[in-house]
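okay, here's the prediction I keep looking at, along with the sequence it came from:
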Amino acid sequence: MATPYQERKLRDPALNPGDKEYFDAAADGKLMLKKCGTCGEHHHYPRSLCPFCFSDKVAWVQAKGTGTVYTYSITRRGGPVPYCIGYVTLDEGVKMMTNFVDCDFDTIKIGQKVKVAFKKSEGGFSIPMFTPA
């Protein structure tokens, strides 16, 4: 049974302090991560302290925007259209919760290569999501 992607309304994200840079870059088609200057680890969701060593020496870096499907779930009921959420392991090693778009959801597989795609929210924010590479 095919479950094709269908456009749906996306709510605006609830912004936290420090999120502006992330969404400004997304508007330019860039996926950003934070990288620790002390231990060298990338992390997502971006925050002001490194979750690995608690250093405050973190800076924005542009991610490649590619990765592999770690896990996923397709929802066919409970909304106006089916959708697919899951986690992607970015090439930088970070796992990121996301939506999968622009594909037949029944063709998504764990370990599949994916790339970032940006979808607009109701208020015009660019939201990073993923599609098969």
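Okay, I see it.

drop to CA atoms for contacts and neighbour counts, all remaining ones
Noted.

could you measure from Y22 over to P128?
10 Å (Cα to Cα, to the nearest Å).

when those two are compared, which one has more neighbours?
P128 (22 against 19; other Cα atoms under 10 Å).

tell me the contacts of the closest residue to that one other than its chain neighbours?
Counting by Cα to Cα, 6 or more residues apart in numbering, P128 lies nearest to F118, which is 4.6 Å off, once chain neighbours are set aside. Going by Cα atoms under 8 Å, 6 or more residues apart in numbering, F118 touches 26, 29, 126-130.

again, but for T66
90-91, 113-116, 133.

just to revisit the earlier point, and the residue nearest to P128, that's in a strand?
Yes: assessed by DSSP: H, G, I helix; E, B strand; the rest coil, F118 belongs to a strand.

my read: A63 touches L33, true?
Yes: using Cα atoms under 8 Å, A63 is in contact with L33, at 6.2 Å.

between these two, which one's more packed in?
Shown here are A63 and L33; by other Cα under 10 Å, L33 has more neighbours (21 against 16).

which strand or helix spans that one?
Assessed by DSSP states H and E, L33 sits inside strand 32-36.

other SSEs contacting that strand?
With contacts taken as 3 or more Cα pairs under 8 Å, 6 or more residues apart in numbering; DSSP states H and E, strand 32-36 sits against helix 20-27, strand 42-43, strand 58-62.

could these go into CSV alongside distance to D104 and mean pLDDT?
Output for these, formatted as CSV (distance: least, Cα to Cα, whole Å; pLDDT from 0 to 100):
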stretch, distance to D104, mean pLDDT
helix 20-27, 24, 95
strand 42-43, 29, 96
strand 58-62, 28, 97
